[in-house]
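S.K.: dropping a prediction and its sequence here:
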Amino acid sequence: MSDASHAIPIIDVSDLMTDVSAAGRVGEQIRAACTSTGFFYIIGHDVSPELVADCFEANRRFHQRPVEEKLRYKQNLWHRGYQAYQSSTLKSSARFEAAKRPNQLESFFIRHEISADHPDYEKKPLQGPNQWTDDPWFNDVVARYDAATRALGLKLLPALSVAIGEAPDFFAPFFDPPATALRLIHYTPAPKDRPEDLYGIHPHTDYGFLTILAQDTVGGLQIQQPDGAWVDAPHVPGSFVMNIGDILARWTNDHFNSTPHRVVNRSHLRDRYSIGMFFDPNLDTMIETLPGFRHLQHGKYPPIRYGDYFAMRLDANYTDRVGVR
């Protein structure tokens with residue numbers, strides 16, 4: 001496995017947190033990353049280390065519960081709640097065949113809140129209730145972390161707009177409001193005789209726009225380079241690991257790289273925890289090739305409503321939900 005120290009750039013976004021004029025500098029660095037590896041680290045963000053640490057503790061606290069307790073929050077029809085261990089097997093991916101073995105993980109999803117009096121509430125895919133737990137501390141920490149990383153995604157939009165060659169305010173209308181998913185993930189230790197095709201999570205590309213990932217020190221995240229080689233993406237203190245997903249690749253006619261990645265917990269003794277914020281456009285956004293990229297391969301993707309595309313991918317990969325036949 002190759003060393004990632006030269007493969008994944010580290011971008012300091014501290015000035016962008018308070019000054020949108022920094023979007024040009026940060027956007028140039030994001031463009032370079034997204035047209036090569038598709039992954040980068042950010043440092044200098046404004047999510048407090050104390051909140052990150054608390055959210056990791058909330059992640060551990062929830063997954064240490066007995067299984068019967070966790071199953072009280074089993075994922076509902078709207079993809080919110082507990083995803084049981086080994087209950088997901090990759091079936092729908094932009095670049096990979098269906099996996100033969102289930103992912104060696106369990107997780108808990110919180111998505112964007114939607115009011116019960118909203119006209120789409122429980123009527124459209126992904127537009128239903130979250131399942132908050134009976135632990136007030138957990139609920140408070142997770143809600144604050146969700147809000148902080150959602151706000152971080154919005155602050156990064158000007159730089160991402162510049163990265164695709166547009167004005168800093170270009171992406172804002174497509175994220176008013178954003179669709180988000182916060183996923184608290186637990187990977188079990190690997191068996192000593194791990195089969196080659198047994199993964200914490202199978203090689204895949206992310207479905208959406210941007211992933212903001214916090215990971216612990218155990219390691220195991222690997223990304224695929226353009227030449228096919230896999231490199232480690234180790235823990236960098238104080239950072240988030242960022243990657244773009246299939247929707248930004250689709251918007252740019254694949255000029256921006258939605259990079260395959262996987263997780264192999266190589267420790268036989270330690271559990272691995274990570275926290276992913278999946279920051280995506282409003283579900284009603286029409287995704288079609290942006291004008292600046294239509295000349296590339298003559299616009300290879302037909303227009304599609306983001307919510308329809310996203311629900312199709314999620315429904316294929318997460319069938320073990322309450323209310324699904």
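M.R.: Right, received. Where do you want to start?
S.K.: rest of the way, CA atoms for contacts and neighbours
M.R.: OK.
S.K.: ok, now how distant is the closest residue to residue 110 other than its chain neighbours from residue 53?
M.R.: With sequence-adjacent residues excluded and distances taken as C-alpha to C-alpha, 6 or more residues apart in numbering, residue 110 is closest to residue 182, at 5.1 Å. Plainly put, residue 182 is 15 Å away from residue 53 if you go by C-alpha to C-alpha, to the nearest Å.
S.K.: looking at the two now, which is surrounded by more residues?
M.R.: The residue with the greater number of neighbours, taking residue 182 and residue 53 and applying other C-alpha atoms under 10 Å, is residue 182; the counts read 27 against 14.
S.K.: quick one, phi psi at the more buried one?
M.R.: phi -100, psi 130 (degrees, to the nearest 10).
S.K.: then residue 262?
M.R.: The main-chain torsion angles of residue 262 are listed as degrees, to the nearest 10 and equal phi -150, psi 170.
S.K.: what's the burial count for it?
M.R.: Considering only other C-alpha under 10 Å, residue 262 is surrounded by 19 other residues.
S.K.: could you report the pLDDT at it?
M.R.: Confidence per residue is given as pLDDT, and for residue 262 that number is 94.
S.K.: if I follow the layout properly, it ends up in contact with residue 221?
M.R.: Yes. With contact taken as C-alpha atoms under 8 Å, residue 262 and residue 221 are classed as touching, separated by 5.9 Å.
S.K.: ok, residue 294 to residue 318 distance?
M.R.: Residue 294 sits 33 Å away from residue 318 when distances are taken as C-alpha to C-alpha.
S.K.: name the nearest residue to residue 79, ignoring sequence neighbours.
M.R.: Leaving aside its sequence neighbours, residue 79 sits nearest to residue 126 (C-alpha to C-alpha, 6+ apart; 6.5 Å).
S.K.: distance check, the one you found against residue 216.
M.R.: As it turns out, when the distance is counted by C-alpha to C-alpha, residue 126 lies 29 Å from residue 216.
S.K.: hang on, the earlier thing: compare residue 294 and residue 318 (neighbour count), which wins?
M.R.: Neighbours were tallied for residue 294 and for residue 318 using other C-alpha under 10 Å; the higher tally belongs to residue 318 (19 against 16).
S.K.: tell me the phi and psi of that one?
M.R.: In terms of degrees, to the nearest 10, the main-chain angles of residue 318 are phi -130, psi 80.
S.K.: where's it relative to residue 178, distance?
M.R.: Applying C-alpha to C-alpha, one obtains 22 Å for the distance of residue 318 from residue 178.
S.K.: also residue 220?
M.R.: Applying C-alpha to C-alpha, one obtains 29 Å for the distance of residue 220 from residue 178.
S.K.: please identify which of those two sits among more neighbours.
M.R.: When residue 220 and residue 178 are compared on other C-alpha under 10 Å, the one with more neighbours turns out to be residue 220, at 23 against 20.
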